[in-house]
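Chemist: starting from these lines, generate the structure:
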Amino acid sequence: LLSAGTGINKGLMQWGDRMLKFTGKPRTDNRFLDDIHGKIGFWTDNGGFYHYSIGDNASLGTNYEEVLPKVKQYHDELGVPFGHWQFDSWFYPKDGKVSPGGGGGAVTNWTSLDSVFPSGMAAIQEKLGVPIVMHNRQWSPKSDYIHNLSFPWYSSEKASVPVDPPAFFDWFFKQQEGWGLGMYEQDWMCTEYDEVSAIQTNITMGDLWLYGMAEGAARSGRTVQYCMPYSHEILSAAALPAVTNARATDDYFHGVDQWSVGHTAMYYWALNILPFKDGFYSSSLPQVGGQTVGPETSPDRETIMAALSCAMVGPMDGIYLLNKTRVMATCNAAGVVLKPDRPVTATDEGFRRGDSARPVFATETNVRGWGAISYVFASHTGEIVPGDLDLKPSDDYLVYNWYSGELSSMANLTGQVELGYEGHAYVVVAPVVEGWAVVGEVDKYVTASEVRVVSIAPGKTGPVATLKGVKGESVRFCAAPAATLVLECQTVKFPGDGEQKVEFGSREVVV
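Modeler: Numbers count the residues shown, from 1 in each chain. The predicted structure follows:
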């Protein structure tokens, strides 16, 4: 398939549109598909506190079944409304040990170990009461499914796949009644592919494996996340609507640039797959007792990348260590993530310069009645230029430094932006309309998400913004006259779920 387009990002999207037209998969907005996709969640993935660890506080319990409900109680009392959880590979039996990097034994029976959840999966779901993302890895040749059921399998020394994946997965996804399973996370896809020769030598087997998995999940009302896939497996997902997202970074704490989602996002998003930035620590404190102590030295960078990815936002901190302020900066008071319109991607400017690895990523919110408000992140160099948004220095925009709170004109965006305390730059670039620029909700990473902003229109004295909120929520929303570069912020309180208007230019300035 030969595809052409203008620019790298637009060209990739046009290629993706042609691929989706070829496969028949509709381009669907899955950002808020359900509470797993749309709300903040608590993750226990590799590198997180609860990955093969329940901590060293014996008073909390001696197994996951005793400890995790106390963790949820802590979240609830703290006021962090997680809408889903994730269970990683620690909950099910395997045929070998797991290495520090997460590799090792293959699954023998995809259900809980008695030592983890003595009362079973339905019992822990009853205590947590939220939908759960559940991890799986390669199938063991020693598995109960091979030795106790009639399904035939292709097997190697370390992995297996069913000969008839549609039949197996149709049966398999009927076995989790009461678990709260909302998303099936298929990890170690590269290992499955490499170890089972039938996937490589049978011309239809690779696609059939993925098709059976996705269709079985879809028929049971679940979605699928790919983890550690090869690029051809992502291409196969272009025909599978149930595959809504794939991990786009390395495991947390196991890669140098595991936060860097922008380049992989270009490929995934073109095929209508949300690029998941792996879970992270929201706190800079040492996480003593967890699998990974850390500390995380750049928690804002981690959280910004998760929010801008448009996929799930999954903190992994231990009990009493979650940073509420940072987590809630990603969402509204109900836990709905304030997402941009599309995942953050590497800008075309780096490719124009011949520096495709340039760590400058951008995305935007197109606000009805006003225009595009953009979000630009630059790692360590802090170099951001108008070309990163395909703009010119003379264009009428204001630039808001999220860390310093300073406003400047586009003409001053000539390269080095003042870095934040973590050593990177993050700015909001807002168009000037009838003398005003709307920055938005400056206490949030995505300041003008569609979750918050219904529309903005010019008013008699300044812009009039229509905002959405939930009961009890207080929203600080900001705009500035281009002539003064002085930010005017107004606080809107919501006595109930609904919409309210805020008009600028007629009240005293509150910085």
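Chemist: by contact count, what packs against the lowest-mean-pLDDT helix or strand in the chain?
Modeler: Ranked by mean pLDDT, DSSP states H and E, the weakest helix or strand in the chain is strand 415-416, scoring a mean of 78. Strand 415-416 sits against strand 383-384, with contacts defined as 3 or more C-beta pairs under 8 Å, 6 or more residues apart in numbering; DSSP states H and E. Yep, even glycine has a C-beta here, placed from its N, CA and C like the rest.
Chemist: now do the strands in the stretch 101-250 of the chain.
Modeler: Using DSSP state E, counting those that start in this stretch, the strands of the stretch 101-250 of the chain run over 132-136, 153-155, 160-162, 181-186, 223-226, 243-247.
Chemist: got the angle for the first one vs strand 181-186?
Modeler: This points to strand 132-136. Strand 132-136 runs at 30 degrees relative to strand 181-186, counting by axes from the mean of the first three to the mean of the last three C-alpha atoms, to 10 degrees.
Chemist: quick check: angle from strand 132-136 to strand 243-247?
Modeler: Going by the same axes, to 10 degrees, strand 132-136 makes 70 degrees with strand 243-247.
Chemist: what sits up against strand 132-136?
Modeler: Applying C-beta atoms under 8 Å, 6 or more residues apart in numbering, the contact partners of strand 132-136 are 36, 41, 43, 45, 84-89, 91-92, 107, 110, 125, 179-187, 225, 227, 312.
Chemist: partner strands of it, parallel or antiparallel?
Modeler: strand 84-87 (parallel), strand 181-186 (parallel) (DSSP bridges).
Chemist: so for it, mean pLDDT?
Modeler: The pLDDT scores in strand 132-136 average 98.
Chemist: how about the third one?
Modeler: In this model, strand 160-162 carries a mean pLDDT of 98.
Chemist: what's the answer for the longest one, then?
Modeler: Strand 181-186 shows an average pLDDT of 98 in the prediction.
Chemist: which residues touch that strand?
Modeler: 34-36, 84, 86, 131-136, 173, 213, 217, 222-227, 244.
Chemist: list the buried residues for that strand?
Modeler: 181-186 (16 or more other C-beta atoms under 10 Å).
Chemist: okay, among the residues you listed, which ones form the most distant pair?
Modeler: Taking C-beta to C-beta as the measure, the buried residues of strand 181-186 span a maximum distance of 14.4 Å, between 182 and 186.
Chemist: nearest to residue 475, of the strands paired with strand 132-136?
Modeler: strand 84-87 (24.2 Å).
Chemist: now find how far off-centre that closest one is within its chain.
Modeler: 13 Å (C-alpha atoms, centre = their mean, to the nearest Å).
Chemist: so what touches it?
Modeler: 35-36, 39, 41-45, 72, 128, 130-135, 182, 185, 279, 312, 314.
Chemist: now swap in stretch 8-22 and tell me
Modeler: By C-beta under 8 Å, 6+ apart, stretch 8-22 touches 1, 3-5, 26-27, 235, 238, 266-267, 269-272, 345-348, 351.
Chemist: what's the span of stretch 322-335, first residue to last?
Modeler: 15 Å (C-alpha to C-alpha, to the nearest Å).
Chemist: tell me the spacing between residue 442 and residue 193.
Modeler: Using C-beta to C-beta, to the nearest Å, residue 442 is found at 46 Å from residue 193.
Chemist: now do the helices in the stretch 101-250 of the chain.
Modeler: 121-128, 144-148, 165-172, 189-195, 197-201, 205-219, 231-237 (DSSP state H, counting those that start in this stretch).
Chemist: can you list these in a markdown table and add mean neighbour count and mean pLDDT?
Modeler: Shown next, in a markdown table, are the helices of the stretch 101-250 of the chain (neighbours: other C-beta atoms under 10 Å; pLDDT from 0 to 100):
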| stretch | mean neighbour count | mean pLDDT |
| --- | --- | --- |
| helix 121-128 | 18 | 98 |
| helix 144-148 | 14 | 96 |
| helix 165-172 | 19 | 98 |
| helix 189-195 | 19 | 96 |
| helix 197-201 | 14 | 95 |
| helix 205-219 | 21 | 98 |
| helix 231-237 | 18 | 97 |
